[in-house]
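[1] Mind looking at a prediction? Sequence and model below.
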Amino acid sequence: MPVLKVNGRTHDVQAAEDTPLLYVLRNDLAVNSPKYGCGLAQCGACTVLVDGQPVRSCVTAASAVAGRDITTLEGLSAGGKPSKLQQAFIDEQAMQCGYCVSGIIMRAQALLDQNPKPTDREVRLALDGNLCRCGAQNRMVRAVLRAAQEG
Amino acid sequence: MTIETTRRSLLAGSGALALGFSITGGSQAQQPAAPALPGDLKQHPKVSSWLRIEGDGRVRLLIGKVELGQGILTAVAQLCADELDIDIKRLDITSGDTQLVPDEGVTAGSFSMPNCGSAVRQVSAEARQILVSLAAAKLGADAASLTVADGTVKAPNGASVTYWALVAGRELEVESTGKAPIRPREARRYAGKHVPRLDIPAKVMGDQIFIQDLRPQGMVHGRVLRPPAYGAKLVKLEAAEVEKMPGVVKIVRNGDFVGVIAEQEVQALNAHARLQSIAQWDVPKTGETQDTVYDWMLKQPEKLIVIKDQPNKTVPADAQTIEAAYKRPYHMHASIGPSTAIGLLDAQGVTHVDTHSQSVFETGQAIAEMLGVDKAKVHCRHVQGSGCYGHNGADDVAADAALLAQAVPGKPVRIQWSRNDEHKWEPYGSAMLIKTKARVDAKGDILDWTLDLWSTSHGTRPGGKAGNLLAARMLEKPFALPTPINGGPPNYAADRNAIALYEFPGQTVSTHFLTNFAARASSTRGLGAYANVFSIESFMDELAARAKADPVEYRLRYLKDERARAVLQKTADMLGWAKYEKAPGRGRGIGFARYKGLATYCAVAIEVEVNRASGVVRVLRAVSAADAGEVVAPDGVKNQIEGGIVQSLSWTLKEAVRFDASGVKSSDWVSYPILTFSEVPPITVELIDKPGLPFLGAGEASQGPTGAALANAIADAVGARLRDVPFTPVRVKAALA
């Protein structure tokens, strides 16, 4: 049984070793933000950070990330206050339905951690593996650039 | 489960006490004829159907339209708060709950602002008038002397009373008159101004707002077996071994419908995978493909509907005839989040369904028919899901969940479709074939215009009929798919926007409507408008080129509607049309339509760069001007126009559902790619606001113009005319050869 460290808290998880991290987070730990989109690592809706690196939780066994630092969207905010990046998504009204947004913010956070002042092009390339069907991509890019500006 | 809590808490304060409001002198009979009530207020004139003033300083707005990511909840909240004169933060909104809200039909067709928005604005004005008149009696002052600020009504002598003190918990059991005045523009705090969407903070914080995130007490997980192909029959399934798998609660089989219920989601997935691998299906040997479907269309029995019949009978015999044919393949809604529902059969025999359906009432009725129960025994509640862009898998998964729930009374059954289910089983936007013909004079001016379109149905929504639900067609006693009909004027369906807004000397438009299906199809954003506008606006450019005319000037020759002209001209100006300097491999194009001929006016102009060697089209930028009437949520409208442009670029550049007799081949994002971040161009949208004019729905305005602008830009760039969507590199190269 893996011990998972999610957003700074440690959880003993009663799930089979090969259970994808996505299902453990959503069902065992009641974490809302990582979304099931494809189960194939094609859309990025399930993206979370593991030791700061973006990971597709739908194809990552929970046991493979035991003991490592897992961060979800919920882990970015502090005391109910949105992080700079989250606030930038609010300020830019960067979505329509918002289903893909959690994965996109997590992927963008990984980018900003590694490259605090990315260009428009660098943001687009970093997010290229995250799909948005509503067509809010430009707003999301603006939000990431705004967060970088303010960061 | 949350359904019950919500219902109880909401009904608790409302009691049965009706207030005997009398706000006008004399009886209705002596009054002049009441003005027509706007939008859905006509069907639901009672104020209490829409509004409740709660005792705790909060106001509940009840609407039948639902949030799909288009921002409708925020827009109607803006209207409501302005007319009631309350802070928008006082509002709680209940939408799409069949036991609580007015039935406003389907949230589709860009009808939400015209029908729901206008109703909410008026009913809120009615409520304000009632509340002020109650306050006048209470304060012993003349109603006209009172002022309102955030729900507190004040008399000139300083005495005041709040809305909540006046009606706390009682219902506004009074009919709307249509006479309550709408507040003047300068008095509004919200409508027409930027108000951040109410649902966005929850979505960036990971709060529980999506249906996918609900976890009611005792919830179990279901999955349903879908056949490999359309029309396949289950011939053999030995499910006994699967019943013994860990966590499996039950295997449900009814005819060819098979579902599994398990304690945990992963257990349900494992059991489902096992069922999938051992089920044996009889798959029909014949069927069409994405390539043969256009010839198939021409051979089908058809219903011919001539929707415009004004040929120019004086065209000279020597006038030139120009013809073209355009093709649109099946397109997916392709929601990022596969469809999800939670069903629960309660002890009273009521089936509760949490759903992200656009048509909670009609879907509930269809589910009731499928279950063989009275429609009062099915309660649907809308909970937000992933963007749907039309009739996707939402209703079918709701039916799946309702069916499985019957097998485990008292237990909420959650089902989320797989990516494979959603891609292969959602009803697509129908493939279409459009043939255009123009007779032109020696200068290239149009003398007569003819358009013929072939299409299968764009409307197989549940509509209260079980046969429209996938699951119901698989049962031992199956429900048959109803014979589809094509929606008529003024909104049309397959032939939506098939009548050009241009005033040609003659115009004839015929719909060849097919009731057979080559692939499952239903309402997809814009219905036939995308393909029809793509064809009309491509053909206009082809004719302009023959006439050696500028495409904008050529359109203006035939476009008499001033609002249309303004939108077209503004869009051209935004691109820098008049001063455009052409670089090698680059070009610009424009497209225009008034959605449905009665909603938002929208033009889109695009600049592209075409790589002749690879056939790759790069969209450099897109601009758009739109006139959506009076604008309530400016950023919301811009978001819709912009999102529509991106989605249409994706449809037009990349998308086509691939299928053959063995089934749909587009089963994931690799086999059905969509536009990605690096392919989305810079987009600028500007609105032409028309305060005081009716709201015109804007959610489906930009897709048609975008497709045409793209084709026209490619033709301008490299001289190749692309008439078959999508414009893949292979097709672009073929057109260049």
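    Good, I have the coordinates.
[2] quick one: low-confidence parts of chain A?
    A:1 (pLDDT under 70).
[3] Which residue lies nearest the spatial centre of it?
    A:Met106 (2.9 Å; Cα atoms, centre = their mean).
[4] what's residue 68 in contact with, if anything?
    Since no chain was named, I'll use chain A. Taking Cβ atoms under 8 Å, 6 or more residues apart in numbering or on different chains, we find A:Arg68 in contact with A:Lys5, A:Val50, A:Asp51. The C-beta positions use only the backbone N, C-alpha and C, and glycine is treated the same way.
[5] you looked at the wrong chain, it should be chain B
    If you count contacts by Cβ under 8 Å, 6+ apart, then B:Leu68 has A:Cys97, B:Thr107, B:Gln358, B:Gln384, B:Gly387, B:Cys388 around it.
[6] Show me which of the residues you listed has the smallest pLDDT value.
    Looking at the contacts of B:Leu68 by pLDDT, the weakest one is B:Thr107, with 95.
[7] Can you get me a residue count around it?
    26 (other Cβ atoms under 10 Å in any protein chain shown).
[8] Leaving out sequence neighbours, find the closest residue to the residue most central in space within chain B.
    Centroid-nearest residue in chain B, with Cα atoms, centre = their mean: B:Ala108, separated by 3.7 Å. Leaving aside its sequence neighbours, B:Ala108 sits nearest to B:Gln358 (Cβ to Cβ, 6 or more residues apart in numbering or on different chains; 5.4 Å).
[9] again, but for B:Tyr595
    Leaving aside its chain neighbours, B:Tyr595 sits nearest to B:Ala701 (4.4 Å; criterion: Cβ to Cβ, 6+ apart).
[10] That neighbour and B:Lys596: what is the separation?
    B:Ala701 sits 9 Å away from B:Lys596, going by Cβ to Cβ, to the nearest Å.
[11] Residues that sit against both of these two, list them.
    By Cβ under 8 Å, 6+ apart, the residues touching both B:Ala701 and B:Lys596 are B:Ser110.
[12] Neighbour count for these two, which is higher?
    Just comparing B:Ala701 and B:Lys596: by other Cβ under 10 Å the higher neighbour count belongs to B:Ala701, 34 against 23.
[13] what residues are up against B:Lys303?
    The contact partners of B:Lys303, by Cβ under 8 Å, 6+ apart, come to B:Asn486, B:Thr511, B:His512, B:Phe513, B:Leu514, B:Thr515.
[14] Please repeat the previous calculation with a cut-off of 7 Å.
    By Cβ atoms under 7 Å, 6 or more residues apart in numbering or on different chains, B:Lys303 lies in contact with B:Phe513, B:Thr515.
[15] so which helix or strand takes in it?
    Using DSSP states H and E, B:Lys303 falls within strand B:302-310.
[16] quick one: buried residues of that strand?
    Across strand B:302-310, burial judged by 16 or more other Cβ atoms under 10 Å in any protein chain shown covers B:Glu302, B:Ile305, B:Ile307, B:Lys308.
[17] For the residue nearest to the centre of chain A, which residues are in contact?
    A:Met106 touches A:Thr47, A:Val48, A:Leu49, A:Pro54, A:Leu73, counting by Cβ under 7 Å, 6+ apart.
[18] Okay, and which of the residues you listed map to strands?
    Using DSSP state E, the subset of the contacts of A:Met106 located in strands is A:Thr47, A:Val48, A:Leu49, A:Pro54.
[19] want to throw the residues you listed into TSV with neighbour count?
    Converted to TSV, the ones in strands among the contacts of A:Met106 look like this (neighbours: other Cβ atoms under 10 Å in any protein chain shown):
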residue	neighbour count
A:Thr47	31
A:Val48	29
A:Leu49	22
A:Pro54	21
